[in-house]
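Visitor: What shape does this take:
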Amino acid sequence: MDSKEFGLVAAQQLFQIQDLHYGFWEEGEIPSIKNFLEAQNKHTLFLFKYIEEAINADKKCKLLDIGCGIGITTTKLLEMGYRVDGLVPSSWMAQQARKNTQQYKDKTRGEIYDCSLEDFPTSHLSEKYTLAFFSESFQYVNMQKAFDILNLILSKAGTVIIFDFFARDEVTGKSPLGGGHSIGQFYETVNRNGYTIHTDLDVTENLSPNLTLVNDILVNRVIPFSITLDAFLSARFKFLYKLLKYLFRKKLEKIKYKYSQSRNEENFRKFKTYRLFVLKRT
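Guide: Below is the predicted model:
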């Protein structure tokens with residue numbers, strides 16, 4: 001189990017969260033753990049609206065959920081009667097996704113692929129996809145390689161939907177927030193690969209409040225717990241714990257910087273832009 005998988009398991013157990021995507025907040029909403037699941041559901045429904053519009057709610061179409069995690073979004077689409085497969089580059093997550101989608105598994109839908117998009121087994125496809133979508137997973141792929149694969153697995157009139165954040169270009173200062181492809185390079189890649197941008201929505205204002213929630217969790221839950229744990233381990237395993245802290249000091253400093261208070265809503269709006277794209281093959 002890698003660090004990302006561990007983070008998912010920890011979130012599930014600590015906060016009863018199955019899926020780790022952002023929540024979608026309406027103007028004036030105050031983000032909190034209590035209403036986070038509702039905000040996540042709004043995020044999903046917002047995405048589904050554009051998926052259904054793109055395929056005219058035709059349930060004969062075949063869909064691919066790229067970066068499906070443990071299959072929560074895939075399962076919801078299967079419950080709605082859509083033919084949808086999932087893909088995730090993690091054996092543990094793929095196993096959980098198969099459990100979640102098992103009751104819908106048949107010859108035409110519900111397949112879960114344990115691989116990266118770049119390693120997708122294109123030669124085994126018996127039918128091309130009408131639509132492929134990324135829900136906070138596009139940031140992890142190589143853009144050009146992703147389009148190379150999409151061109152092989154999508155129908156000639158295929159659609160790609162991307163719901164994720166990107167890095168703004170030409171912003172002064174160093175961003176304390178990692179992740180996200182350059183938005184300018186993304187536009188260039190889309191154009192170079194012969195796709196038309198049908199929809200380009202900036203929903204940064206609806207997603208940036210998640211950073212306030214993250215800071216609230218860190219300050220009120222994670223940091224107090226880590227202080228208690230540090231005191232316990234320092235007293236119980238003094239020599240070994242000091243040695244481990246020294247050996248992993250650079251990693252710990254990186255984590256401390258990454259989750260410092262500079263990772264806030266204001267900086268997210270400054271350095272990132274959260275978008276929903278609908279791309280059509282031309």
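
Visitor: from here on, contacts and neighbour counts on C-alpha atoms
Guide: Will do.

Visitor: mind listing the strands for the stretch 1-150 of the chain?
Guide: Taking DSSP state E, counting those that start in this stretch as the criterion, the stretch 1-150 of the chain carries its strands at 62-66, 83-88, 112-114, 129-135.

Visitor: Comparing those strands, which comes out most buried?
Guide: strand 83-88 (a mean of 26; mean count of other C-alpha atoms under 10 Å).

Visitor: which residues touch that one?
Guide: Residues from elsewhere that reach strand 83-88, judged by C-alpha atoms under 8 Å, 6 or more residues apart in numbering: 59-69, 71, 74, 77-78, 94, 108-117.

Visitor: Please apply the same query to stretch 34-49.
Guide: Contacts with stretch 34-49, where a contact means C-alpha under 8 Å, 6+ apart, come from 17, 21, 22, 23, 24, 25, 73, 163.

Visitor: returning to what we had before: please produce a markdown table containing the strands of the stretch 1-150 of the chain, extended by mean pLDDT.
Guide: Output for these, formatted as a markdown table (pLDDT from 0 to 100):
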| stretch | mean pLDDT |
| --- | --- |
| strand 62-66 | 97 |
| strand 83-88 | 95 |
| strand 112-114 | 95 |
| strand 129-135 | 97 |
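
Visitor: do you know which of those strands lies nearest residue 195?
Guide: Relative to residue 195, the nearest member of the strands of the stretch 1-150 of the chain by C-alpha to C-alpha is strand 129-135, separated by 13.3 Å.

Visitor: quick one: low-confidence ranges for the stretch 151-282 of the chain?
Guide: Flagging of the stretch 151-282 of the chain using pLDDT under 70 yields the residue ranges 214-233, 241-261.

Visitor: now the strands for it?
Guide: Taking DSSP E, counting those that start in this stretch to define them, one finds strands in the stretch 151-282 of the chain at 154-167, 195-202, 272-281.

Visitor: Sort out which of the contacts of stretch 34-49 are in helices and list them.
Guide: Here DSSP state H is the test, and the contacts of stretch 34-49 give residue 73 as lying in helices.

Visitor: and the least confident of the contacts of stretch 34-49?
Guide: When the contacts of stretch 34-49 are compared by pLDDT, residue 17 scores lowest at 51.

Visitor: Select, out of the strands of the stretch 1-150 of the chain, the one closest to residue 30.
Guide: Smallest distance to residue 30 across the strands of the stretch 1-150 of the chain (C-alpha to C-alpha): 23.2 Å, for strand 129-135.

Visitor: Which strands or helices does the closest one pack on?
Guide: Strand 129-135 is packed against strand 62-66, strand 154-167, with contacts defined by 3 or more C-alpha pairs under 8 Å, 6 or more residues apart in numbering; DSSP states H and E.

Visitor: Please spell out which residues along the longest one are buried.
Guide: Meaning strand 154-167. Under the neighbour-count criterion of 16 or more other C-alpha atoms under 10 Å, strand 154-167 has 154, 155, 158, 159, 160, 161, 162, 163, 164, 165, 166, 167 buried.

Visitor: Widest-spaced pair of those?
Guide: Between any two of those (C-alpha to C-alpha), the greatest distance is 29.7 Å, for 155 and 167.

Visitor: which stretches of the stretch 151-282 of the chain form helices?
Guide: Assignment of helices within the stretch 151-282 of the chain using DSSP state H, counting those that start in this stretch yields the ranges 183-192, 204-207, 209-217, 223-236, 238-247, 249-258, 265-271.

Visitor: related to what we said a few turns ago, could you dump the strands of the stretch 1-150 of the chain into CSV with distance to residue 279 added?
Guide: Rendered in CSV, the data for the strands of the stretch 1-150 of the chain read as follows (distance: least, C-alpha to C-alpha, whole Å):
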stretch, distance to residue 279
strand 62-66, 14
strand 83-88, 19
strand 112-114, 23
strand 129-135, 10
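
Visitor: Can you say which of those strands is nearest to residue 237?
Guide: With C-alpha to C-alpha, the closest approach to residue 237 among the strands of the stretch 1-150 of the chain belongs to strand 83-88: 38.2 Å.

Visitor: Strand 62-66 and that closest one, what's the angle between them?
Guide: Following axes from the mean of the first three to the mean of the last three C-alpha atoms, to 10 degrees, one obtains 20 degrees for the angle between strand 83-88 and strand 62-66.
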